[in-house]
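1. Here is my input; please provide its structure:
(one chain, ligands or ions: 2)
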Amino acid sequence: MNIQELVRDIPDFPKPGIIFKDITPLLANSEALVHCADRLAGLCPTDIKIDKVIGIEARGFILGGMIAQRLGAGFIPVRKKGKLPSKVNSKSYGLEYGEDILEIHMDAIKAGEHILIHDDVLATGGTAQAVCELVEELGGTVVQCNFIMELDFLNGREKLKTTVASLLSY
Ligand SMILES: O=P(O)(O)OC[C@H]1O[C@H](OP(=O)(O)OP(=O)(O)O)[C@H](O)[C@@H]1O
Ligand SMILES: Nc1ncnc2[nH]cnc12
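-> Ligands and ions are numbered 1, 2, ... in the order given. Have a look, this model is predicted:
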């Protein structure tokens, strides 16, 4: 199935000069949603049991949950600052169009657990790199970072020290 035709370019969002890759048409298509979740789960290593899947707020939550279900893994939300109710580990980071702070619950990961990180877009890699660091600081091991798409020209893949998989490249 051609999922690329369900991703649309929105010029100058959220800032002038940024071409925003909008996945809402893909999310609205039930066949495409299942297709993406099946393929992303299928790209995960099979020789390591993945204990938990992280979805990064907000667009990483949707397929992150679907992938966790397919892998028989738990789900961990990594959220923007101030949204998680219990004790958190925080990390500030830069992304293609700004900077922010991401947080994870301190007790979300047990030492030695194998973690898959999912997000919709890999751009500069600032977001995913920050999440890798949050996981490692809690004693987890990142097995793979996977994405619906990566923006090759921003070289995010080079920033990540772990295995990267994605369904689309631009
Ligand atoms: O590789 P990077 O340059 O770090 O950019 C990628 C991040 O940017 C977007 O999130 P955004 O912060 O816009 O949040 P949202 O999902 O809440 O819209 C996207 O969903 C990734 O999380
Ligand atoms: N160009 C882009 N489109 C959608 N999400 C993004 N996150 C970072 N850069 C992005």
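
2. Quick check: residue 21 touching residue 170?
-> Yes: counting by CB atoms under 8 Å, residue 21 touches residue 170, with 7.3 Å between them. The way it works is simple: take the backbone N, C-alpha and C, and place the C-beta from them, glycine included.

3. Does stretch 58-78 reach ligand 1?
-> Yes: judged by CB under 6 Å from any ligand atom, stretch 58-78 comes into contact with ligand 1 at 58-59.

4. Please name the nearest non-neighbouring residue to residue 115.
-> In space, and not counting its chain neighbours, residue 115 is closest to residue 140: 4.6 Å by CB to CB, 6 or more residues apart in numbering.

5. can you give me the end-to-end distance of stretch 100-114?
-> With CA to CA, to the nearest Å applied, stretch 100-114 spans 26 Å between its terminal residues.

6. Now do that stretch: everything it contacts.
-> The contact list for stretch 100-114 (CB atoms under 8 Å, 6 or more residues apart in numbering) reads 48-52, 54, 56-57, 76, 78-84, 86-93, 115, 127, 130-131, 134-135, 138-141, 143.

7. Alright, I will stop here.
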